[in-house]
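Asks: Need coordinates for the following:
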Amino acid sequence: MNGKRLCIIVWLMSLLPSLQAQEKPSEWDLKACLDYARQQNIQIRKSRIAWEESVENTKEAKAQRLPSLSFSTAHNYTNRPMLDAGDKNAYTGSYDLSASMTLYQGGELKKNLQQMNIRNRVQELSVEESENNIELAITQAYIQVLYADEAVKVAEATVEVSKAQRDRGEELKEVGSISKADMAQLESQYASDKYQLVVAQTTLDNARLDLKQLLELGISDEMVLVIPVLEDEDVLAVLPSKESVYAASLEVMPEVEYNRLNVQLAGIEKEKARAGYLPSLRLSAGVGTSHASGSSWGSQMKDNWSENIGLTLSVPIFSNRSVKTSVNLASLSIEDAELEYENVKKDLLTSVETVYQDAVSSQNRFRSAQESLKAAELSFDLTQQQFNLGMKNTVEMLTEKNNLVAAQLELLQAKYMAVLNCQLLNFYEGKEIEL
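Replies: Got it, this is the predicted structure:
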């Protein structure tokens, strides 16, 4: 993100709240959530403010290389009540215009400006990092909503099956094919499945609330979420190599670049510290005049007119080791910044490898879960048919049903873990996250 683009974003954020409210989409898919958060998230907006502050500090650093100009005037009234002769009251005035400019300061001003320009870029990268953090959080929350929504559908289907089994059990009980104990088990299972439906619905509501809070929506704001249909090819997308993902992440992840820039900043700080060994030269100039009561104001202003110009050379001789200490501390800061830079790259490698391994594992888990679900569905269908014919008891039938529900939930977990990790790989490659 360049400075011009960031300026435009900051300007957009300064629009009236009423205009911001109009930007809320009527339906929220993942893209709408991400776009809205990039504009409205408080942490991102605070990062942009920090960037603006850095820009202002840079302007000040540039101005330090220019001459300073100031005007001063002083007016005094003096009363001498014990004076026997002459004027007991006197009035004096002075007027001075002065300018000064640092000609040389060991290169400190130049280095300071270099630092400020780098810090501007660091702040831009901080904005990007804040955007990345909220993007990851919203993606995870959104996929959690998708998982919870499908889990509710599984629970609803399970309740329907339990109801049908209970109804069939009543028919079998009337003809004496099952006992009261078996019927009680069917009733208990039906009640348990209805409870699990309530739990699943609560989990979905909480997932929606988490997403809403991440978007920092108000208590009265409603969210109509778009639930995409994910096909097997979305889940089993071809994965890039982890080497290519890591190489791309080193180029696009903001934390990598700004830690590299921090190494540069530490190096410039050391150069600034060394400037303490060098002399400084300052140019000053000024004009002034004054007047006092008792004579012509105009002639005094003319006669007292003065002009001055001077050079001030300061040569450090002994600074109580302060400069040497500053240089040594700056050297340690360079070493610390380099270690932090290496640590960030190492952490990024760990993250990429973990996400890649999770993506491979979840895809394999999804394939296995598909086979397990097919087997569980077949076994349940056969067991239910035999139960309806009185050939299987209640325990056997309920066991197969529970096995089927477990297989369905296992497939859901593997499915959305695979989707999430595929999207995370896209994120580390610098690609747009989309579902």
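Asks: Report all helices and strands that the helix or strand harbouring Ala191 contacts.
Replies: Assigning secondary structure by DSSP states H and E places Ala191 in helix 180-214. Other elements packing on helix 180-214 under the criterion 3 or more Cβ pairs under 8 Å, 6 or more residues apart in numbering; DSSP states H and E are helix 108-174, helix 394-428. Any C-beta I mention is one placed from the backbone N, CA and C, and that applies to glycine too.
Asks: Highest mean neighbour count out of the ones you listed?
Replies: Burial of the helices and strands packed on helix 180-214 is given as mean neighbour count (mean count of other Cβ atoms under 10 Å); helix 394-428 ranks first at a mean of 20.
Asks: can you give me the angle that one makes with helix 180-214?
Replies: 20 degrees (axes from the mean of the first three to the mean of the last three Cα atoms, to 10 degrees).
Asks: Mind giving me the packing neighbours of helix 394-428?
Replies: Taking 3+ Cβ pairs under 8 Å, 6+ apart as the contact definition, the neighbouring helices and strands of helix 394-428 are helix 108-174, helix 180-214, helix 232-235, helix 242-252, helix 322-388.
Asks: out of those helices, nearest to Asp35?
Replies: Closest of these to Asp35 is helix 108-174, at 10.4 Å (criterion: Cβ to Cβ).
Asks: Just the angle for the closest one relative to helix 242-252, thanks.
Replies: Put simply, helix 108-174 runs at 130 degrees to helix 242-252, going by the same axes, to 10 degrees.
Asks: can you pull the buried residues of stretch 300-317?
Replies: By neighbour count with 16 or more other Cβ atoms under 10 Å, stretch 300-317 contains the buried residues Gln300.
Asks: Quick one: residues in contact with that stretch.
Replies: By Cβ atoms under 8 Å, 6 or more residues apart in numbering, the residues outside stretch 300-317 that reach it are 103, 276-292, 323.
Asks: Quick check: end-to-end length of that stretch?
Replies: Taking Cα to Cα, to the nearest Å, stretch 300-317 runs 44 Å from one end to the other.
Asks: Thr92 belongs to a strand, doesn't it?
Replies: Yes: for Thr92, which was evaluated using DSSP: H, G, I helix; E, B strand; the rest coil, the result is membership in a strand.
Asks: can you pull the contacts of it?
Replies: By Cβ under 8 Å, 6+ apart, Thr92 lies in contact with His75, Asn76, Thr78, Ser290, His291, Ala292, Ser293.
Asks: Tell me which entries of those lie within strands.
Replies: With strands taken from DSSP state E, the overlap with those comprises His75, Asn76, Thr78, Ser290, His291, Ala292.
Asks: ok, of those residues, which come out buried?
Replies: If we count by 16+ other Cβ under 10 Å, these have these buried: Ser290, His291.
Asks: and the residue nearest to Met397 when sequence neighbours are not counted, how many residues sit next to it?
Replies: Nearest residue to Met397, sequence neighbours excluded (Cβ to Cβ, 6 or more residues apart in numbering): Phe387, at 4.1 Å. Using other Cβ atoms under 10 Å, Phe387 has 25 neighbouring residues.
Asks: so Phe387 makes contact with Thr394?
Replies: Yes: the criterion here is Cβ atoms under 8 Å, and Phe387 meets it with Thr394 at 7.4 Å.
Asks: Check the contact lists of those two and give me the overlap.
Replies: With Cβ under 8 Å, 6+ apart as the test, Phe387 and Thr394 reach no residue in common.
Asks: What mean pLDDT does the helix holding Ala191 get?
Replies: For helix 180-214, the mean per-residue pLDDT is 92.
Asks: what angle sits between that helix and helix 322-388?
Replies: What separates the directions of helix 180-214 and helix 322-388 is an angle of 150 degrees, with the same axes, to 10 degrees.
Asks: quick one: Gln105 from Ala375, how far?
Replies: Distance, Gln105 to Ala375, using Cβ to Cβ, to the nearest Å: 80 Å.
Asks: More neighbours: which of the two?
Replies: Per other Cβ under 10 Å, whichever of Gln105 and Ala375 has more neighbours is Gln105, with 21 against 13.
Asks: Skipping adjacent residues, who's closest to the more buried one in space?
Replies: Looking at Gln105 with Cβ to Cβ, 6+ apart, the closest residue is Ser280, at 4.5 Å.
Asks: Which positions are bridged to that neighbour in the beta structure?
Replies: Taking DSSP bridges, one obtains Ser314 as the residues bridged to Ser280.
Asks: Distance of it relative to Ser249?
Replies: Summarising the geometry, the distance separating Ser280 from Ser249, computed by Cβ to Cβ, is 45 Å.
Asks: And Gln196, by the same measure?
Replies: Distance check for Gln196 against Ser249: by Cβ to Cβ, it reads 40 Å.
Asks: Looking at those two, which is more packed in?
Replies: Ser249 (21 against 17).
Asks: is it true that the more buried one touches Thr350?
Replies: No: no contact is recorded between Ser249 and Thr350 when judged using Cβ under 8 Å, the distance being 11.4 Å.
Asks: got the contact list for stretch 108-123?
Replies: For stretch 108-123, the surrounding residues in contact (Cβ under 8 Å, 6+ apart) are 3, 47, 50-51, 54-55, 57-58, 61-62, 64-65, 102, 257-258, 261-262, 264-265, 268-269, 271-272, 275.
Asks: Report the contact partners of the residue nearest the centre of the chain.
Replies: Centroid-nearest residue in the chain: Ser130, 1.6 Å away (criterion: Cα atoms, centre = their mean). With contact set as Cβ under 8 Å, 6+ apart, Ser130 has these partners: Asn41, Gln43, Ile44, Lys46, Ser47.
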